[in-house]
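Participant: Provided below are the primary sequence and the corresponding predicted coordinates.
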Amino acid sequence: MVIPARKNAFIHNDVENAATAEVLAAADSETFSRVYIGSEFCERLLPSPRKIEKLIGAARDSNIRFSLVTPVCSDEGIKKLEAILSRRSVNDEVIVNDWGAFLLCREMGFIPALGRLLTACCRDPRLTGGIPARDDLFRDYLKSSSLNSGEFLEFLAKENISRVEIDNTTQFYNFKPPSSLKVSLHFPYVYSSTTRRCLYAHVFPENKPRTLGVNPCGKECLEGTITFKMPGCGHTMLVRGNTQFYENRVLPENRTLKRFHIDRIVHHDVPLPRKIPGDGNANG
């Protein structure tokens, strides 16, 4: 690992149903300096305020820092997040992936970090085969992101935001971060696309009416991950709940991490494969 281990972080995807000891054992304090708790993509996976308080206390006892990561939110999700933040036990770091959640944090006195859903970039998995050799302008465009915008950087400075999060895309980036901005890099799963319409609710369980939508939710996504081959490039995609990912286990060189002010690698736990009912083939 090119970054000292204690500057890494770990994200646990099933907190509400996991034992506190299980979460902290996965985020071993000898390897990880911080544990991410919450959900980036689905408000229904936000842990209860009581569960979060319990985990915060246990993390502090284990000398592990704590980050609450929050998803895209409906009005109901904002209410859930407000209930969590009102406990005031979350005083280390809040990561937002929704502008409504950002405004709520500001109103409640928090200065959040911006999650990877709010730092737009090209996440097309077809670029895993390399950037098409056209011209430098086209290559620069594919590497661009919100962080290339002067107006966006001015907004971050005005709001005193000192940390943003990005994906480990295969083409990587070409922005020039200001000295005041620190960057977290998610690894090894690159978020490609997300929606409120959940595939798991459509497919699992087998005896459930298959209606693709946002209701009802039995949190079937916590039981595993669906994989499929991306048409046109053959790259393996992973579907977890309402979000698609692809895997990139190649980290940039240390000098590149330093140039982009990346001082934190966010490691995701390994998702489990899942079979699609009625499909005779394994999806992993």
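Facilitator: Ah, there it is.
Participant: and L118, how far is that from E40?
Facilitator: According to Cβ to Cβ, to the nearest Å, L118 and E40 sit 11 Å apart. Bear in mind the C-beta positions are built from the backbone N, C-alpha and C, glycine included.
Participant: Identify the contacts common to the two.
Facilitator: Listed as contacting both L118 and E40 by Cβ atoms under 8 Å, 6 or more residues apart in numbering are N97.
Participant: neighbour count winner among these two?
Facilitator: When L118 and E40 are compared for neighbours, E40 comes out ahead with 24 against 21, by other Cβ atoms under 10 Å.
Participant: Report the contact partners of the closest residue to N148 other than its chain neighbours.
Facilitator: Distance criterion Cβ to Cβ, 6 or more residues apart in numbering; nearest residue to N148, sequence neighbours excluded, is F175 at 4.8 Å. Neighbour list for F175: S144, S145, L147, N148, F260 [criterion: Cβ under 8 Å, 6+ apart].
Participant: May I ask which of the residues you listed has the most neighbours?
Facilitator: L147 (23 neighbours).
Participant: looking at this, that residue is in a strand?
Facilitator: No: in this structure, L147 is helix, not part of a strand, as judged by DSSP: H, G, I helix; E, B strand; the rest coil.
Participant: still on that earlier bit, tabulate the contacts of F175 (JSON lines), appending pLDDT.
Facilitator: Below are the contacts of F175 laid out as JSON lines (pLDDT from 0 to 100):
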{"residue": "S144", "pLDDT": "93"}
{"residue": "S145", "pLDDT": "95"}
{"residue": "L147", "pLDDT": "97"}
{"residue": "N148", "pLDDT": "96"}
{"residue": "F260", "pLDDT": "96"}
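Participant: for stretch 42-49, what is the average pLDDT?
Facilitator: Average pLDDT, stretch 42-49: 88.
Participant: Residues touching that stretch, excluding its own?
Facilitator: Residues from elsewhere that reach stretch 42-49, judged by Cβ under 8 Å, 6+ apart: 13-16, 37-39, 55, 70-74, 76-77, 80-81, 83-84, 87, 198, 217, 219, 221-222, 241-243.
Participant: So which of those residues sit within strands?
Facilitator: Mapping the contacts of stretch 42-49 onto strands (DSSP state E) picks out I37, G38, T243.
Participant: What's opposite the last one in the beta bridge?
Facilitator: Here T243 sits in beta bridges with T194, R240, as judged by DSSP bridges.
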